[in-house]
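Chemist: I'll drop the sequence and a predicted model, then ask my questions.
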Amino acid sequence: MKILYIDPVFGISGDMMIGSLIDSGVPFDALEALVRKISPDAPSMKPVRLTEGVISGIHLEIGQSDRFYTISEMEQVMGSIDVEKKVRDDALGMLSLIVAAESKIHGMSRDELHLHELSHIDTVIDLLCVAYGVRFLGADRVFCGPVPCGSGTITTSHGSIPNPPPVTLEILRGHPLVFYGESLELTTPTGAAIVAHYTEPVGRVPAFRTIREGYGVGTYKSSRPDVLRIFVGEADEPAYDHEVEVIEADIDDMEMEYMGAVADRLRAVGALDVLFFPVSMKKGRMGIRLSVTTDMGTFEKTVDTIFRETTTFGMRFHRHMRRVLRREERTIETSFGPVRVKIGFDPSGTLIKTHIEFDDVRSIADVRNIPYREALELVRKEIETRIKAVQEFKSSRVQG
C-alpha cells in the first residue's frame, strides 16, 4: 500500500500543502498549466526554495488578483475543468466541506452564503492543485498527525474572531487538534478541508517505509519552524484495510416494528452495516441483538443515535479490521437505458465482480412489464459484454 502522511508541524494551508507536494516530486509545470485552465487571468505562481533552520522547502508565491467567485461559479469551474475526474471530484469534495461548515456557522443556506475571503480565486487554485498533486503521488490512503491551532483572536472580513476560526473547527470536528499559544492562524479553512476530505478523524497509521519527503515553508516568525511536511511511503498492509468498531446491544423491551426505521437512521449518520436478529435472553425471553459496524469518524454519532432511538441502557464495542475491495461506481449506457453499476477490483487492479443497481433494473422491468429476474439477466448479459470488451481493449493497449 502506498500512503501519504501529512505532518502539519506548524499548521496547514492550501499553499503550504502545494509547496510540500512540489518538493516531493509533483511537477510544477503541470500545476501551472492547470491554473491556466482555471482562467486566462489567473494569478502567477512561483515556487521559491526557502530555508527554515536546517530545513529546506518550497514556499509558493501567488500573484495578486481581484478575481472572486460565487459558490456556484467555483463549482462550475472545478466541475468542468479539463483534468482527470478524480481530481475534479476531490476538489469539489473539499469545497463542499467548506460550504457546509460556513452554512452551519452562519445559519444560512448555501444560496444565501457568501464566502468572503474564501471566494477568492486562490481557493480554487489551492483545491485543484492539491487534488492534482495527491492524485499524482498515487497514494492509496492519506493520514495526518494532530492539527495545530493557534489561540487568541485574528482579524478577518467579519472583524475580530476567535482563533482558530469557528469554520475551521467545524470542518475538523472529530479530528485530533493541538493548540499552541500563538496568535496566528496556523490552520486555515482550506487546510482543514484538505485534512477532513482525505483522512479519517481517528485511525492507526501503519508502519511504512519512506520513499521521499516534501516540505512546504511559510513565512510566519515563531519559535517553531513554519513548516508543513509530507511523507510518501509504502506499507506492507493492504490498501483497503482499516479499523472499524462493531457496536452491539441486546434489546427485549422495544416494539420490533421500529427496528427497520432505527436501522435507516443509523445508516443516515454513517453506519457501514446495520444488522438485527433474534436472540434468547435471560428467563427465556426473546429479544433482538442490534449489531452496527461504524468507522472511527462516525462512532460517536452512531452511539448517540442508538441511545436516542432504542430502549437500551448500554452497549458493547469491539474493534476489528475491515477489508474492502477498491470500488468504482459507473453509469453504463445499455440498450435499455442508463444503468448504475458498482465494480470491485482486487489489490492488483483486476476486476473481479460487479453489482447492478436494483432500482435501475426495477425501472426497466416495470417499463417493459417483464419479471425482475428476466430484466436483471438481460441487463447483466449486456453489461458484462461491455465491461469485458473494455478490459480487453485496455489489456491490448498495455501489451502494445
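Modeler: Right, received. Where do you want to start? Numbering: from 1, shown residues only.
Chemist: confidence score at Arg110?
Modeler: Note on Arg110: pLDDT of 66.
Chemist: what of Ala375?
Modeler: Predicted confidence (pLDDT) for Ala375: 91.
Chemist: so which residues of the stretch 101-250 of the chain form strands?
Modeler: Secondary structure of the stretch 101-250 of the chain (DSSP state E, counting those that start in this stretch): strands located at 141-144, 147-149, 153-156, 159-162, 177-179, 209-217, 227-234, 241-251.
Chemist: nearest to Leu272, out of these?
Modeler: Proximity of these to Leu272 was assessed by CB to CB; the nearest stretch is strand 241-251, lying at 6.6 Å. To be clear about C-beta, it is placed using only N, CA and C from the backbone, and glycine gets the same treatment.
Chemist: buried sites along the closest one?
Modeler: His242, Val244, Glu245, Val246, Ile247, Ala249, Ile251 (16 or more other CB atoms under 10 Å).
Chemist: using PDB, write out every CA atom in the helix or strand just after that strand.
Modeler: Sequence-wise, the next helix or strand downstream of strand 241-251 (DSSP states H and E) is helix 259-268. Coordinates of the C-alpha atoms in helix 259-268 are reproduced here as PDB (Å, rounded to 0.1, in the frame of the first residue of the first chain):
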ATOM      1  CA  MET A 259     -36.200  -1.600  14.200                       C
ATOM      2  CA  GLY A 260     -36.200  -1.100  10.500                       C
ATOM      3  CA  ALA A 261     -36.700   2.700  11.000                       C
ATOM      4  CA  VAL A 262     -33.900   2.700  13.600                       C
ATOM      5  CA  ALA A 263     -31.600   0.900  11.000                       C
ATOM      6  CA  ASP A 264     -32.400   3.600   8.500                       C
ATOM      7  CA  ARG A 265     -31.400   6.400  10.900                       C
ATOM      8  CA  LEU A 266     -28.200   4.600  11.800                       C
ATOM      9  CA  ARG A 267     -27.300   4.300   8.100                       C
ATOM     10  CA  ALA A 268     -28.100   8.000   7.700                       C
END
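Chemist: need the contact partners of helix 259-268.
Modeler: Contacts with helix 259-268, where a contact means CB atoms under 8 Å, 6 or more residues apart in numbering, come from Val274, Phe276, Ile288, Leu290, Val292, Thr302, Thr305, Ile306, Glu309, Thr310.
Chemist: so which pair among these is furthest apart in space?
Modeler: Between all members of those, the longest pairwise span (CB to CB) is found for Ile288 and Thr302 and amounts to 17.1 Å.
Chemist: in terms of neighbours, single out the busier of those two.
Modeler: Looking at Ile288 and Thr302 with other CB atoms under 10 Å, you find the greater number of neighbours at Thr302, namely 23 against 17.
Chemist: quick check: closest non-adjacent residue to that one.
Modeler: For Thr302, ignoring the flanking residues on the chain, the nearest one in space by CB to CB, 6 or more residues apart in numbering is Thr294 at 4.4 Å.
Chemist: can you tell me which residues contact the one you found?
Modeler: Going by CB under 8 Å, 6+ apart, the list of residues near Thr294 reads Val244, Glu245, Ile247, Gly270, Ala271, Leu272, Thr302.
Chemist: how's the chain carved up into domains?
Modeler: For the chain, the structural domains run 2-234, 243-323, 326-399, going by automatic domain parsing.
Chemist: deepest-packed of the ones you listed, please.
Modeler: The highest mean neighbour count among these belongs to domain 2-234 (a mean of 18), with neighbours defined as mean count of other CB atoms under 10 Å.
Chemist: confidence score at the most centrally placed residue in the chain?
Modeler: Here the mean C-alpha position of the chain is nearest to the C-alpha of His197 (CA atoms, centre = their mean), at a distance of 3.2 Å. Among the per-residue scores, His197 shows a pLDDT of 93.
Chemist: ok, Thr190 next?
Modeler: As predicted, Thr190 sits at a pLDDT of 95.
Chemist: list the contacts for it?
Modeler: By CB under 8 Å, 6+ apart, Thr190 lies in contact with Ser13, Gly14, Met94, Ile98, Leu118, Thr123, Asp126, Leu127.
Chemist: and Cys149, by the same measure?
Modeler: Gly11, Asn163, Pro164, Thr168, Leu169, Leu177, Val178, Phe179, Tyr180, Leu186, Thr187.
Chemist: from Leu172, how far out is the nearest residue to it once chain neighbours are set aside?
Modeler: In space, and not counting its chain neighbours, Cys149 is closest to Pro164: 4.2 Å by CB to CB, 6+ apart. Distance, Pro164 to Leu172, by CB to CB, to the nearest Å: 8 Å.
Chemist: overlap in contacts, those two.
Modeler: Between them, Pro164 and Leu172 share the contacting residues Thr187, judged by CB under 8 Å, 6+ apart.
Chemist: what about Gly337, distance to Ile364?
Modeler: The gap separating Gly337 from Ile364 is 7 Å, by CB to CB.
Chemist: contacting residues for Leu127?
Modeler: Applying CB under 8 Å, 6+ apart, the residues near Leu127 are Gly14, Met78, Ala91, Met94, Leu95, Thr190, Ala193.
Chemist: out of those residues, which are inside helices?
Modeler: Using DSSP state H, the members of these that fall within helices are Gly14, Met78, Ala91, Met94, Leu95, Thr190, Ala193.
Chemist: quick check, nearest of those residues to Glu213?
Modeler: Within the set of those, Gly14 lies nearest Glu213; the separation is 19.4 Å, counting by CB to CB.
Chemist: list the residues that contact that closest one.
Modeler: Asp122, Thr123, Ile125, Asp126, Leu127, Cys129, Val130, Thr188, Thr190, Gly191, Ile194.
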